[in-house]
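Engineer: Here is the input, now give the coordinates:
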Amino acid sequence: MNRDYPLERVRNFGIIAHIDAGKTTTSERILYYTGMIHKIGEVHDGETTTDWMEQERERGITITAAAITCFWNPTYMSQTLTKEGQKDLSKKVRFNVIDTPGHIDFTVEVKRSLRVLDGAVVVFDGVAGVEPQSETNWRYADDGKVPRLCFINKMDRMGASFEKSYKSIVERLNKNAIRFQIPIGTEGNHVGVVDLMQMKAFYFEGEKGINIVEKEIPADLLEDAKKYHAEMVEKIVEHDDVAMQSYLEGKEVSIADLKKITRKAVIENKIFPVFTGSALKNIGVQLVLDAVVDYLPSPLDIPPVKGINPNTGEEVVRHASDEEPFCALAFKLQNDPFVGQLTFFRVYSGTIEAGTYIYNASTGKKERLGRIVRLQADQREEVKKVFSGEIAAAVGLKDALTSNTFCDENNPIVLEKIKFMEPVVSLRIEPKTKADQEKMGMALRKLGNEDPTFRVSSNQETGETIISGMGELHLEIMVDRMKREFSVETNVGEPQVAYRETIMNTAEAENKYIKQTGGKGQYGHVRITLKPMEPWPEGEKIPKTVHRYDDFEFINSIKGGVIPNEFIPAVEKGVHEAMDRGIVAGYKMVNISCELTFGSYHDVDSSEIAYKIAASQAFQDAAKRAKPVILEPIMRLEVVAPEKYMGDINGSIASKRGTIEGSEPKGQALAIHAKVPLSEMFGYTTQLRSMTSGQGSAMMEFDHYEVVPANVALEIAEKRK
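Structural biologist: Here you go, the predicted structure:
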């Protein structure tokens, strides 16, 4: 079985945006214009293809990233000509699209999707412009060096302003965003777009805007179009010396050359083209799809993927080619009620066939790959083989987890893991009946495998089960899914804040654990120094004696073998386990550097367990003297409401230990930006609604951890007792 589409005609991209900017509506149009669906479903009717979960349709928001495959015939902007000079529309392009959530509680879906995508279309609300989650998603894309196009949507809305939204992109996200289109009319008069590359006006007529009509630019927009065209050309030619020279000599640079330069600059993240329209009113979406073909990379355009050979520790490179050894990354698990667990994976090199064995380099295990499916949201299309550059899902893999690497066993490679955010909100949960007890454990395990930001733990002292996630909505959805998908009825407690503890000073402690019994005794002796963990100097190699993790560092400074090497891992393990229970109020400790400086051993009695216990006790002694403190999650808050309510809102934020950082006009309202402790924010949405007669809205996302004030720390510690 051979590949049906050459790699240069494949585009893997995501639709990302803040909540309510119109991602799912845009995705629905993409499916319609590519012929994958024949009736457009709307979010407000709960009938869209990509929002297929019951909870998504009820709430009108996207909760899980949905993958879709479709095929696009370039229309105007990407046309190629036959020898006879006719438009050649035979060169269909294959799109693998992921529609991602916009709500901060489900931001993990954006992060992991961007890891495996080659490009993204960032959608903005034409009224609000850049919003908090737009910034977060943009930051994730920056981290992954993902090329982007911008689509300023909802130009038909009351208060829409292309210029204001464009300015917010330039000021808050990247100054290299360039207008490639301007709208024809706004609000109720929005009827089309002016393409600044071709200097033509485009209107969308017929059933659902299916017919694209090219006309001359309206007279009232011609001056603006000329000005912005010159600005666009000037910014594009900056990225090519030959074109720059021609431009300075007064020669006209051809559209073909401008596109070629733009494509290269977009792939290198030096230019971010900005398009506009209204997905709901069926204006402009097809031209964005043409831009995806023109400017976003194919798998051949992105750098080869790098990994580590698990046998040798050496760096290995895999190019996007069917001829190279097989290599893929599992980026998402999904529980399917009909076929069991689906493991979504992106193939970076080589091919894999259904019915063969797949080697998981992360676990060292082999599993039979029974079936492979291509996803259309919740619909599945079975395929026999997948090729490099494709996204598919494996059915029924038992041992696979998110971030696992699948590869050829004879050419092993482990790709870098996807890093996930720590949960900030916890809930106590218990089954309603004995019958629910067993089912609850299985449901929690499956949901935890699906979503790495959803954690399950148990309180050793009380025996309670604690679930943790990114926000109240996140946990509410998980409890609802347990009920609907797994038929588990539960009781839940009040939301709890995921506090952390750390130390502010340096302290040393020594501990000997000696236990004599009738036979062989126990002997472990360590001396450790604790201090706050510092960032590692940039460019400096980490020595083998230092083990660094996200929130912990262990330094082995033992000289002369006073503690034998085989006992050092037990010391590290003892310290790491002791960090799970803090000194002040029993919360997990983070950002600590522990140096093992001295110790001793006994020829007969020394054992791993003895060193583990000695290290744990030494850690507790040192931590008590290193000025331990409680850390609390601080949230970035944006409140949007009419100006007349701003006095009350400012007062309420101040009363919650919040710090106001500024405000800006947003449509007809005002947006306040603040930093507020999460512990003060439970139920804030309800308070805000009553304060603003239902006209205010709030958006929160985790920003950082900060030391809790002494009086609040005292209260927290008392409650924990």
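
Engineer: For stretch 686-695, list the C-alpha coordinates in PDB.
Structural biologist: Extracted in PDB, the C-alpha atoms of stretch 686-695 (Å, rounded to 0.1, in the frame of the first residue of the first chain):
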ATOM      1  CA  THR A 686     -21.200  34.200  40.900                       C
ATOM      2  CA  GLN A 687     -20.200  37.300  43.000                       C
ATOM      3  CA  LEU A 688     -19.100  39.200  39.900                       C
ATOM      4  CA  ARG A 689     -22.500  38.500  38.200                       C
ATOM      5  CA  SER A 690     -24.500  39.900  41.100                       C
ATOM      6  CA  MET A 691     -22.100  42.900  41.400                       C
ATOM      7  CA  THR A 692     -22.500  43.800  37.700                       C
ATOM      8  CA  SER A 693     -26.100  42.800  37.200                       C
ATOM      9  CA  GLY A 694     -25.000  39.800  35.100                       C
ATOM     10  CA  GLN A 695     -22.900  42.000  32.700                       C
END
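
Engineer: Now for Thr363: which residues touch it?
Structural biologist: Neighbouring residues of Thr363 by Cβ atoms under 8 Å, 6 or more residues apart in numbering: Asp399, Asn404. Where you see a C-beta, it was placed from the backbone N, CA and C, and this is true even at glycine.

Engineer: other SSEs contacting the host helix or strand of Gly524?
Structural biologist: Applying DSSP states H and E as the criterion places Gly524 in strand 522-532. The contact analysis (3 or more Cβ pairs under 8 Å, 6 or more residues apart in numbering; DSSP states H and E) places strand 522-532 against strand 500-503, strand 507-515, helix 568-578, strand 592-600, helix 608-624.

Engineer: That strand versus helix 608-624: what angle between them?
Structural biologist: Taking axes from the mean of the first three to the mean of the last three Cα atoms, to 10 degrees, one finds that strand 522-532 is oriented at 30 degrees with respect to helix 608-624.

Engineer: In contact with the residue nearest to Leu173 when sequence neighbours are not counted, which residues?
Structural biologist: In space, Leu173 comes closest to Trp138 once its chain neighbours are excluded; the distance is 5.0 Å by Cβ to Cβ, 6 or more residues apart in numbering. Residues in contact with Trp138 (Cβ under 8 Å, 6+ apart) are Val122, Arg148, Leu173, Asn174.

Engineer: With pLDDT, secondary structure and neighbour count as extra columns, can I get those residues in a markdown table?
Structural biologist: Listed next are the contacts of Trp138 as a markdown table, based on pLDDT from 0 to 100; DSSP: H, G, I helix; E, B strand; the rest coil; neighbours: other Cβ atoms under 10 Å:
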| residue | pLDDT | secondary structure | neighbour count |
| --- | --- | --- | --- |
| Val122 | 91 | strand | 27 |
| Arg148 | 91 | strand | 26 |
| Leu173 | 88 | coil | 23 |
| Asn174 | 87 | coil | 16 |
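
Engineer: between these, which is closest to Glu438?
Structural biologist: Using Cβ to Cβ, Val122 is the member of these that lies nearest Glu438, at 44.5 Å.

Engineer: Go through the helix or strand where Val639 lies and flag the buried ones.
Structural biologist: According to DSSP H and E, Val639 maps onto strand 628-641. Going by neighbour count (16 or more other Cβ atoms under 10 Å), the buried part of strand 628-641 is 628-641.

Engineer: same question, stretch 156-175
Structural biologist: For stretch 156-175, the neighbour count (16+ other Cβ under 10 Å) marks 156-157, 160-162, 164-166, 168-170, 173-174 as buried.

Engineer: now do stretch 191-208
Structural biologist: Using 16+ other Cβ under 10 Å as the test for burial, stretch 191-208 gives Val191, Gly192, Val193, Val194, Asp195, Leu196, Met197, Lys200, Ala201, Phe202, Phe204.

Engineer: The first one against Glu205, yeah?
Structural biologist: No: contact between Val191 and Glu205 fails when scored by Cβ atoms under 8 Å: they sit 9.7 Å apart.

Engineer: Could you find the closest non-adjacent residue to the most centrally placed residue in the chain?
Structural biologist: Central residue of the chain (Cα atoms, centre = their mean): Lys111, 1.4 Å from the mean position. Excluding the flanking residues, the one nearest Lys111 by Cβ to Cβ, 6+ apart is Tyr140, at 5.2 Å.

Engineer: and that neighbour, what pLDDT?
Structural biologist: Looking at Tyr140, its pLDDT stands at 83.

Engineer: Now name the helix or strand holding it.
Structural biologist: helix 132-143.

Engineer: got the angle for that helix vs strand 628-641?
Structural biologist: On the basis of the same axes, to 10 degrees, helix 132-143 is oriented at 120 degrees to strand 628-641.

Engineer: Pull out the buried positions in helix 132-143.
Structural biologist: Quick answer for helix 132-143 (16+ other Cβ under 10 Å): Pro132, Gln133, Ser134, Glu135, Thr136, Asn137, Trp138, Tyr140, Ala141.

Engineer: Could you identify the helix or strand that succeeds that helix?
Structural biologist: Taking DSSP H and E, what comes next after helix 132-143 is strand 148-153.

Engineer: okay, that following strand in PDB with CA atoms only?
Structural biologist: Output of strand 148-153 as PDB, limited to C-alpha atoms (Å, rounded to 0.1, in the frame of the first residue of the first chain):
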ATOM      1  CA  ARG A 148       1.300  30.700  12.800                       C
ATOM      2  CA  LEU A 149      -1.300  32.500  10.700                       C
ATOM      3  CA  CYS A 150      -3.700  34.900  12.500                       C
ATOM      4  CA  PHE A 151      -7.500  35.000  11.700                       C
ATOM      5  CA  ILE A 152      -9.400  38.000  13.100                       C
ATOM      6  CA  ASN A 153     -12.900  36.500  13.300                       C
END
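
Engineer: just to revisit the earlier point, just the buried residues of the strand holding Gly524, please?
Structural biologist: Here strand 522-532 shows Gln522, Tyr523, Gly524, His525, Val526, Arg527, Ile528, Thr529, Leu530, Lys531 as buried, counting by 16+ other Cβ under 10 Å.

Engineer: What is the nearest of these to Asp241?
Structural biologist: Lys531 (51.6 Å).

Engineer: Gly209 contacts Ile283, correct?
Structural biologist: Yes: counting by Cβ under 8 Å, Ile283 is a contact partner of Gly209 at 6.2 Å.

Engineer: residues in contact with the residue nearest to Arg636 when sequence neighbours are not counted?
Structural biologist: Nearest non-adjacent residue to Arg636, counting by Cβ to Cβ, 6+ apart: Asp703, 4.3 Å away. By Cβ under 8 Å, 6+ apart, the contact set of Asp703 is Ile634, Met635, Arg636, Lys675.
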